[in-house]
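[1] Sequence and predicted structure are below.
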Amino acid sequence: MYMSLKVRIVIAAFLITLAILAISAWRDIQFSERAILESQIEKAVLFSDRIEHGLIVLMLNNNSKELQHFMTSITTDFKELKGVRIFRPDDGIIFASSEPSEIGERIYDEDLKRLEANDFNKPFFIEKDDRRYASKLTEIRNMPACNRCHGTEKEVLGIMDVELSLDKIHQTIQKVKQQHLVDSVIGFFLIGGGFLLVIGILIERPIKKMIQTIRKIEEGDLSIRMDETRGDEFGLLATSFNSMLDSVVSAKKQLEDYHITQMQKASRLASLGEIISGIAHEIKNPLAGISCAVQVFHSELEKNDSRREVTAEILDHIRRLDGIVKGLLNYAKPKPPQFFSSSVRDVLDKAIFFLYPEAKKQQVHIETNLDPDMPSVMMDPDQMQQVFLNLMINAVQAMPDGGALKITIYKTEKDSSDVNNAIKEIISSKQVAIIKFTDTGAGVERENLQNIFDPFFTKKSKGTGLGLSISQRIVQEHGGEIIVDSKVGKGCAFTIYLPAINS
């Protein structure tokens, strides 16, 4: 499934932004809630101190009758103050309260627990009737000024419980949460929008320009170039791309020049072939007449006649010229191959049979390593025999002082390491027949290897330079390929690859 880079980046950025804003909002809400509750606790302490001070004033003035009125009025004046009550520390019975109905009742269990724990310093939270309150317990101690009315027996005259309602606080906290949520949503869209804008300007726009440039190049416009003025990675990418494109243009120009050269060369060779064919025909007929006449003259001479040596030399040159003419005709007007399912071994054996006398004469040992399970190959046996014979004759001629000619044939799979990638593109079948000729001659210089299959290229004093060119053409017409490898002073190796008939 296609998903653009922009969408991927935006989704990732939005998720990260959302996580950051959520964490930030949660921390802010926690902090705000804690601060608000702490402020309410401080209020509870302040109220408790103020009420305690008022009670002390009433008691010092011996005005205990006004106690109930004072407690009722203070809750009326301060709406947050939900209740004020004073209870006995020994049994928890309320004897004064801002709610007269509570007088005589027992104080809440939470207050008693705090009382038993002697925890009077820290305010606490209490829940009643599904509502939450901040509460503060304060001891009303029996001071010396109180002794005249209350005596000295009790150290603590009562416990004052001050309760503050947290309803407004909870409303404030909810508003804070809602405000944080709104701020987070606004921040999310502002950051997301800004990020989209930045991506569009810094990333998407240059990428679109690059895509447009590449599409124009695909359409054939190699003159267009990317903008290199940006001082970032896109600028470096554009510089590298333009450099690569310059190399492609240069390579294309070289390839076109090479193609034109090859076309011109092919045209010249075609014209040359026509000329050669005409010349060969013009030479062949008179040459045959001359050969017949010299043979008649040679046969009529006495065996001890000194002129027989001259006529024999003339006949030898005529045979050489006839061979050259035949080679020229074969090159100029090759016969199309007639394909048959043939055995490579049988064709090679016939070629070796014809070569053997010449090899023996030059003290060249022929060594064969033939795979007995070789598959058949669709080939023209006569033409392939001509190829084998030509390669072996060249090998024998390369070893005038004797040597060894090793011939190896075997089959292999197309995808094996014995077959390079270039040849895999040529061979059509799954199995490949490989025929290799290796000699121990002088070898061929590296600079001459690339021209070795060119027509009329030869380093021999006696030769037309057409044998290897014709051999290459025949092998290629059979759907195969021929390659050469050579090391000066060690010899030369020709390898033929042919598509085998799959078993």
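    Right, received. Where do you want to start?

[2] Just give the number of residues close to V249.
    For V249, the neighbour count with other Cβ atoms under 10 Å is 12. Heads up, the C-betas are built off the backbone N, CA and C, glycines and all.

[3] And it, how far from R215?
    According to Cβ to Cβ, to the nearest Å, V249 and R215 sit 17 Å apart.

[4] what do you get for V488?
    Note on V488: its distance to R215, by Cβ to Cβ, is 51 Å.

[5] Could you list the residues in contact with stretch 301-314?
    For stretch 301-314, contacts defined as Cβ atoms under 8 Å, 6 or more residues apart in numbering pick out 294, 297-298.

[6] Among the residues you listed, which ones are in helices?
    Among these, the ones falling in helices (DSSP state H) are 294, 297-298.

[7] quick one: which of the residues you listed is nearest A13?
    Of all these, A13 sits closest to V294, with 97.6 Å by Cβ to Cβ.

[8] ok, that closest one touching I318?
    Yes - using Cβ atoms under 8 Å, V294 is in contact with I318, at 6.8 Å.

[9] ok, I94 - how many residues close by?
    Using other Cβ under 10 Å, I94 has 22 other residues around it.

[10] ah, wrong one, I meant G402
    12.

[11] Same check on A398?
    For A398, using other Cβ under 10 Å, the count is 20.

[12] Look up how far L166 lies from the closest residue to it other than its chain neighbours.
    In space, and not counting its chain neighbours, A398 is closest to G441: 3.1 Å by Cβ to Cβ, 6 or more residues apart in numbering. G441 is 109 Å from L166, where distance means Cβ to Cβ.

[13] ok, now V377?
    Relative to L166, V377 is positioned 99 Å away (Cβ to Cβ).

[14] got it, and I423?
    Noted for I423: a distance of 89 Å to L166, by Cβ to Cβ.

[15] more neighbours, the two?
    L166 (22 against 18).

[16] I'd say that one and S135 touch.
    No - L166 is not in contact with S135 according to Cβ under 8 Å; the separation is 10.4 Å.

[17] out of everything not next to it in sequence, what's closest to M379?
    That would be S342: by Cβ to Cβ, 6+ apart, it lies 5.0 Å from M379.

[18] residues touching that neighbour, list them.
    376-379, 381, 384.

[19] let's see it at 10 Å
    For S342, the contacting residues are 376-381, 384-385, 501, by Cβ atoms under 10 Å, 6 or more residues apart in numbering.

[20] I'd like to know how many residues surround V294.
    Neighbours of V294 using other Cβ under 10 Å come to 17.

[21] Any figure for the gap between it and I314?
    Taken as Cβ to Cβ, the span from V294 to I314 is 5 Å.

[22] With K209 instead?
    Distance from K209 to I314, by Cβ to Cβ: 80 Å.

[23] Is the residue nearest to M379 bridged to anything, and to what?
    V377 (DSSP bridges).

[24] Equivalent analysis for S135, please.
    F124, E163.

[25] Does it touch I159 like I think?
    No - the pair S135 and I159 does not pass the contact test of Cβ atoms under 10 Å, sitting 11.4 Å apart.

[26] which residues of the stretch 151-300 of the chain fall in helices?
    Ranges of helices in the stretch 151-300 of the chain, per DSSP state H, counting those that start in this stretch, are 167-199, 205-218, 233-300.

[27] Export these to a markdown table and append columns for mean pLDDT and distance to E447.
    Shown next, in a markdown table, are these (pLDDT from 0 to 100; distance: least, Cβ to Cβ, whole Å):
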| stretch | mean pLDDT | distance to E447 |
| --- | --- | --- |
| helix 167-199 | 77 | 57 |
| helix 205-218 | 83 | 37 |
| helix 233-300 | 76 | 18 |
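
[28] Can I get those in CSV including distance to K406?
    Converted to CSV, the helices of the stretch 151-300 of the chain look like this (distance: least, Cβ to Cβ, whole Å):
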stretch, distance to K406
helix 167-199, 68
helix 205-218, 51
helix 233-300, 34
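
[29] quick one: which of those helices is nearest E413?
    E413 sits nearest to helix 233-300 of all these, at 32.5 Å, using Cβ to Cβ.

[30] now the closest one, how far from the centre of its chain.
    Taking Cα atoms, centre = their mean, to the nearest Å, one finds the center of helix 233-300 at 43 Å from the center of the full chain.

[31] again, but for stretch 479-496
    39 Å.

[32] average pLDDT for it?
    In this model, stretch 479-496 has a mean pLDDT of 90.

[33] now stretch 27-41
    Mean predicted lDDT for stretch 27-41 stands at 71.

[34] what about the nearest residue to I224 once chain neighbours are set aside, neighbour count?
    The shortest distance from I224 to any non-neighbouring residue, by Cβ to Cβ, 6+ apart, is to K216 (5.1 Å). Residues lying near K216 (other Cβ under 10 Å) number 13.

[35] How much space separates K216 from R225?
    10 Å.

[36] Could you do V162 as well?
    According to Cβ to Cβ, V162 stands 82 Å off from R225.

[37] what's near enough to touch V182?
    For V182, the contact set (Cβ under 10 Å, 6+ apart) is empty.

[38] For V176, see how far away it is.
    Computed as Cβ to Cβ, the V182 to V176 distance reads 11 Å.

[39] Next: H365.
    From H365 to V176 the distance is 104 Å (Cβ to Cβ).

[40] And these two? Which one has more around it.
    Each of H365 and V176 has its neighbours counted (other Cβ under 10 Å); V176 has more, 17 against 13.

[41] I'd assumed R34 was in contact with the more buried one.
    No - applying Cβ under 10 Å, one finds V176 not in contact with R34, separated by 11.3 Å.

[42] Which residues are in contact with each of V294 and I318?
    Overlap of the contact sets of V294 and I318 (by Cβ under 10 Å, 6+ apart) is empty.

[43] Make sure I434 is indeed in a helix.
    No - looking at I434 with DSSP: H, G, I helix; E, B strand; the rest coil, it is strand, so not inside a helix.

[44] what about it, neighbour count?
    Using other Cβ under 10 Å, I434 is surrounded by 22 other residues.

[45] Run through the bridge partners of it.
    Y410, Y497.

[46] and the gap between it and F340?
    I434 sits 20 Å away from F340, going by Cβ to Cβ.

[47] Kindly report the same for S165.
    As defined by Cβ to Cβ, S165 lies at a distance of 111 Å from F340.

[48] same check, this time on E313
    42 Å.
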